[in-house]
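Visitor: Quick one: sequence plus predicted model below, questions after.
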Amino acid sequence: MHADVAVLPDPGSPFVIERIELPELGTDEVLVRIAGAGMCHTDLLARSLPPEIVSLPAVLGHEGAGVVEQVGPYVTQVAVGDHVLLSYDSCGWCRQCLTGAPSYCDEFGARNVVGVRGTERVEGVSADGTRVLTGWFAQSSFATYSIATQRNVVKVDKELPLEILGPLGCGLQTGAGSILNSMDVRYDSSVAVFGTGAVGLAAVMAARIAGATVIAAVDINPARRELAAELGATHVFDGADPEVAEQIRAVTGGGTSHAFDTTGIPAVILTALASIRPLGFCGLVGGGGGPIDLPQEALNEGRRISFLLEGDAVPQLFIPKLIELWRLGRFPFDRLVTTYPLDKINDAEADSLSGVTVKPILIP
């Protein structure tokens, strides 16, 4: 099977559109014709990760959605013609998977970042014979066709606008799930969200759904702060202000019960910690920002901090809930979306990095 794909040839080069030969479909794998694929910050991290983790050239993309074209003989959960979202992969058999925490799967890094299934890296072949990674998050969905696994597909209603649903498989799931699953934000909670890209804005919307009394959104981009207010933030703060932690503590009478950092920037993480009250919890999802010099006193009075993966979501259970909330008008993620043709992927990347676009979606 041939596919037209966007290949990242090396860390410093733009994406290039090529035609490659995909590997043979495995017994528990699913061939999906991609209708749309979100671009996530994690995809762009591939430019800076060491080659032993992400070996370039690679086809990235891990927020795909499309139509099932072919299934392996052991696939029982979806059939040809089904509409599906693609999320992260997991083994299904380790302790974490068996206890309902597949985002902490023993094989998460191998299956999703390195692109290994079993013992081999999943690769396609370009016209000149170059081997290209096609197993990024078990999908590599910056492509016309993608090979996923039975474990990372989520069947959805055929009446839904399939081309814009892909971000529910990672970024939106991570933001909303961190609030609703990982941190258990409730009606008596208060939340400070640092960074209002797609993940942060999903967290803002989820905090409103949960009924949080105070939802503070922090960003250096005025347009993002304005959008956060429209989507449910009760207070907005300029992230460039060195007094932002003090301002949050002032409006909450001593700090929020929860803080959520999406930036991965060490200084911002310390500010988020400084914004929470005693016994407060700070969740982290941003990657690639470097080591955190965490003074012990930052965790005084029972304050806690933890990195969260994929919002602790089981995709097949959580994504349908997000879709239902969207149908009810309570999770309007479509307001974050701007679509680009696949061959304009470099424009999408530039607009994402500059802040012009919140959530690019590539349409093959």
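Guide: Okay, I see it.

Visitor: Now do the contacts for residue 184.
Guide: Not one residue lies near residue 184 by Cβ atoms under 8 Å, 6 or more residues apart in numbering. In this view, the C-beta of every residue, glycine as well, is placed from N, C-alpha and C.

Visitor: same deal with the one 10 residues further on?
Guide: Taking Cβ under 8 Å, 6+ apart as the contact definition, residue 194 lies against 200, 218-219, 239, 259-263, 268-269, 271-272.

Visitor: can you do 6 Å?
Guide: By Cβ atoms under 6 Å, 6 or more residues apart in numbering, the contact set of residue 194 is 218, 261, 263, 268, 272.

Visitor: next one: residue 350
Guide: Contacts for residue 350 (Cβ under 6 Å, 6+ apart) come out as none.

Visitor: immediately after the helix or strand where it lies, which helix or strand?
Guide: Using DSSP states H and E, residue 350 sits within helix 345-354. From helix 345-354 onward toward the C-terminus, using DSSP H and E, the following helix or strand is strand 359-363.

Visitor: And that next one, what's buried?
Guide: Of the residues in strand 359-363, those buried under the neighbour-count criterion (16 or more other Cβ atoms under 10 Å) are 359-362.

Visitor: do the same with stretch 247-261
Guide: Neighbour counts using 16+ other Cβ under 10 Å place 247-249, 252, 255-261 of stretch 247-261 among the buried residues.

Visitor: between these, which is closest to residue 30?
Guide: Sorting those by distance to residue 30 puts residue 260 at the head of the list, at 32.9 Å, by Cβ to Cβ.

Visitor: so how many other residues sit close to residue 264?
Guide: The criterion is other Cβ atoms under 10 Å. On that basis, residue 264 has 19 neighbouring residues.

Visitor: Could you report the separation of the residue nearest to it when sequence neighbours are not counted from residue 243?
Guide: Sequence neighbours aside, residue 286 is the residue nearest to residue 264 in space, at 2.9 Å (criterion: Cβ to Cβ, 6 or more residues apart in numbering). Using Cβ to Cβ, to the nearest Å, one obtains 22 Å as the distance from residue 286 to residue 243.

Visitor: can you check residue 329 too?
Guide: Note on residue 329: its distance to residue 243, by Cβ to Cβ, is 36 Å.

Visitor: Likewise for residue 70?
Guide: Residue 70 sits 57 Å away from residue 243, taking Cβ to Cβ as the criterion.

Visitor: For those two, indicate the residue with more neighbours.
Guide: Summary of the neighbour comparison: residue 70 and residue 243, criterion other Cβ under 10 Å, with residue 70 having more neighbours (15 against 11).

Visitor: who's that one bridged to?
Guide: When bridges are called by DSSP bridges, residue 70 pairs up with residue 31.

Visitor: Test my guess that it contacts residue 31.
Guide: Yes. Residue 70 sits in contact with residue 31 when judged by Cβ atoms under 6 Å, with a separation of 4.0 Å.

Visitor: Please parse the protein into its domains.
Guide: Structural domains assigned to the chain are 2-169+332-363, 176-308, following automatic domain parsing.

Visitor: Residue 316: which of the ones you listed is closest?
Guide: Shortest distance between residue 316 and those, using Cβ to Cβ, is found for domain 2-169+332-363: 5.3 Å.

Visitor: measure that closest one end to end?
Guide: Domain 2-169+332-363 stretches 17 Å from its first residue to its last (Cα to Cα, to the nearest Å).

Visitor: Could you pull up the residues touching residue 346?
Guide: Contacts for residue 346 (Cβ under 6 Å, 6+ apart) come out as 14-15.

Visitor: Among the contacts of residue 194, the buried ones, what's the PyMOL command?
Guide: Selecting just the buried residues from the contacts of residue 194 in PyMOL takes one command, with 16+ other Cβ under 10 Å as the test:
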select buried, resi 218+261+263+268+272
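
Visitor: among the contacts of residue 194, which are in strands?
Guide: If you go by DSSP state E, these have 218, 261 in strands.

Visitor: Just name the closest of the contacts of residue 194 to residue 24, please.
Guide: Each of the contacts of residue 194 was checked against residue 24 using Cβ to Cβ; the closest is residue 263, at 40.7 Å.
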